[in-house]
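Colleague: Can you look at this prediction? I've put the sequence above it.
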Amino acid sequence: MKLGNFRHWDPDYTSAGKTGLVKGNKGEAVVWDDYAEAPERLAKVVTAIRAAVEHHLSSEVAEQALGGGDEPEIQEAEEGKVLTRLHRSRERDRRLVASKKKQAMAKFGKLVCEACGFDFATRYGDVGQGLIDVHHTKPVHTLQPGDKTHLNDLALLCANCHKVVHSTRGWLEIDQLKAALASGKV
Ligand SMILES: [Zn+2]
Ligand SMILES: [Zn+2]
């Protein structure tokens, strides 16, 4: 029946005068629009959701990812709600965040936004020490099940830049963020 619902949106099917099953829900049109022309991406997204459920179901991360609240300011990725939440929960993984910050401190002696150069400690003094967001540059569906996150996949961003990255449906790459920053009027 679900396939019948999708057929309702398939021009190849309806052009023959058939309608498919009309009593579906709104989500089917959305999924059809997103994936009818992108079967490979669909397969990746499905694999990633399955892997998330199978490999992480008992972990705290998955609990947040699958049951966590929505974040109104975060634009859901094309990959949908489950992978958006999983992505965001991975960005908050304490162990990874701590190692990324440690690496940057060892290398540069400070934590600065990779896009705009903002330094919380310089701007806010002591209370700004150690503050910076960690952004994961690879969408969940591009990872293979069991892939470990490398520190190179993480970018340090100030809260403003991080918000902008996630403000569009196809989350911005760091270079696109820098270009956006350059296009703004200061
Ligand atoms: Zn910034
Ligand atoms: Zn992010």
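Modeller: Cool, the structure landed. Bear in mind the structure is a predicted one, so any value in this text is a computation, not a measurement. Residues are numbered from 1 along each chain as shown. Ligands and ions are numbered 1, 2, ... in the order given.

Colleague: For A36, list the residues it contacts.
Modeller: A36 makes contact with W9, D10 under the criterion CB atoms under 8 Å, 6 or more residues apart in numbering. In short, each C-beta sits where N, CA and C put it, glycine included.

Colleague: Show me what the helix or strand where V31 lies is packed up against.
Modeller: Using DSSP states H and E, V31 sits in helix 26-35. Judged by 3 or more CB pairs under 8 Å, 6 or more residues apart in numbering; DSSP states H and E, helix 26-35 is in contact with helix 2-7, helix 39-56.

Colleague: quick one, what contacts whichever residue of the chain sits closest to ligand 2?
Modeller: Relative to ligand 2, the nearest point of the chain is H135 (3.5 Å; CB to the ion). Residues in contact with H135 (CB under 8 Å, 6+ apart) are E91, L154, A155, L156, L157, H162, V165.

Colleague: Please tell me how far the last one sits from A115.
Modeller: When CB to CB, to the nearest Å is the yardstick, V165 and A115 sit 8 Å from each other.

Colleague: any common contacting residues for the two?
Modeller: L157, I174, L177.

Colleague: from these, which ones fall inside strands?
Modeller: Judged by DSSP state E, the shared contacts of V165 and A115 include L157 as members of strands.

Colleague: which of the shared contacts of V165 and A115 lies closest to E40?
Modeller: Nearest to E40 among these is I174, at 24.9 Å by CB to CB.

Colleague: For that closest one, list the residues it contacts.
Modeller: E114, A115, T137, A155, V165.

Colleague: redo that, cut-off 7 Å
Modeller: E114, A115, T137, A155 (CB atoms under 7 Å, 6 or more residues apart in numbering).

Colleague: can you tell me which residues contact A104?
Modeller: Going by CB under 7 Å, 6+ apart, the list of residues near A104 reads L111, L156.

Colleague: quick one: what helix or strand has it in it?
Modeller: Per DSSP H and E: helix 94-108 holds A104.

Colleague: neighbours around the nearest residue to W9 once chain neighbours are set aside, how many?
Modeller: Leaving aside its chain neighbours, W9 sits nearest to W32 (4.0 Å; criterion: CB to CB, 6 or more residues apart in numbering). Residues lying near W32 (other CB atoms under 10 Å) number 17.

Colleague: Roughly how far does W32 sit from K107?
Modeller: W32 is 47 Å from K107, by CB to CB.
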